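Undergrad: Only the shape, not the letters, is given here:
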């Protein structure tokens with residue numbers, strides 16, 4: 001069997017996907033004409049999905065969706081991405097329905113590092129991190145986005161100089177290098 005869940009209320013733009021069943025699904029056919037594992041809901045109505053798995057087994061489920069509120073548009077940017085620097089994250093999210101964003105949850109590789117709108121965070125090592133922002137509005141609508149961020153190693157600062165003689169110019173040569 002396959003199950004979309006009980007009839008429910010969603011925010012406009014929220015995704016709808018299978019809640020249980022058909023873990024080995026290979027084909028999806030939604031009443032909207034979509035053939036993806038999930039669809040975004042924009043209007044009230046009845047939605048049906050038919051699913052086929054790797055063995056050719058077939059199941060169908062239907063759900064009634066009522067729309068309340070609209071999912072916010074979520075985005076963010078950052079500054080300073082070198083090892084040992086604090087990285088400032090800036091929330092660029094906004095709502096389309098006049099609601100207000102009331103909570104933020106920032107994650108680095110699935111671990112929470114901030115719950116304020118624009119947190120500072122110092123990464124423990126040079127690496128690529130998956131940063132996610134989950135926001136919620138006062139109409140109880142949520143949305144999230146994930147982006148990859150690379151923390152760069154510090155450069156190696158060095159120089160050489162020419163022979164130093166009294167009252168003569170010395171030439172300095174930059175021999176610094178970047179590790180990445």
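TA: Cool, the structure landed. As the structure is a computational prediction, the values presented were derived from the model and not from experiment.

Undergrad: in the longest strand along the chain, what's buried?
TA: As assigned by DSSP state E, the longest strand anywhere in the chain is strand 58-70. Using 16 or more other CB atoms under 10 Å as the test for burial, strand 58-70 gives 59, 61, 63, 65, 67, 69, 70. Just so you know, the C-beta spots here come from the backbone N, C-alpha and C atoms, and that holds for glycine as well.

Undergrad: List the neighbours of the helix or strand just after that strand that are in contact with it.
TA: Downstream of strand 58-70, the next assigned helix or strand under DSSP states H and E is strand 76-79. With contact meaning CB atoms under 8 Å, 6 or more residues apart in numbering, strand 76-79 is reached by 87, 88, 89, 90, 91, 92, 93, 131, 133, 145, 147, 149.

Undergrad: Reformat the buried residues of strand 58-70 as TSV; add distance to residue 15 and pLDDT.
TA: Output for the buried residues of strand 58-70, formatted as TSV (distance: CB to CB, whole Å; pLDDT from 0 to 100):
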residue	distance to residue 15	pLDDT
59	20	90
61	16	92
63	13	95
65	11	95
67	13	93
69	15	91
70	14	93
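
Undergrad: and those residues as TSV, adding distance to residue 115?
TA: As requested, the buried residues of strand 58-70 are exported to TSV (distance: CB to CB, whole Å):
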residue	distance to residue 115
59	40
61	36
63	32
65	30
67	28
69	22
70	23
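
Undergrad: what does the longest strand of the chain contact?
TA: With contact meaning CB under 8 Å, 6+ apart, strand 58-70 is reached by 1-13, 16, 18, 21-22, 41-52, 95-97, 99, 137, 139-141.

Undergrad: Mind doing that once more with 7 Å?
TA: For strand 58-70, contacts defined as CB atoms under 7 Å, 6 or more residues apart in numbering pick out 1-5, 7-13, 16, 21-22, 41, 43-52, 96-97, 99, 137, 139-141.

Undergrad: Buried ones only from the residues you listed, please, as a PyMOL command.
TA: Applying 16+ other CB under 10 Å to these leaves a buried subset, and the PyMOL line that selects it is:
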select buried, resi 2+4+10+11+12+13+16+22+41+47+49+51+52+99+137+139+141
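
Undergrad: Which of the contacts of strand 58-70 fall in strands?
TA: Residues of the contacts of strand 58-70 located in strands (DSSP E): 8-12, 16, 41, 45-52, 137.
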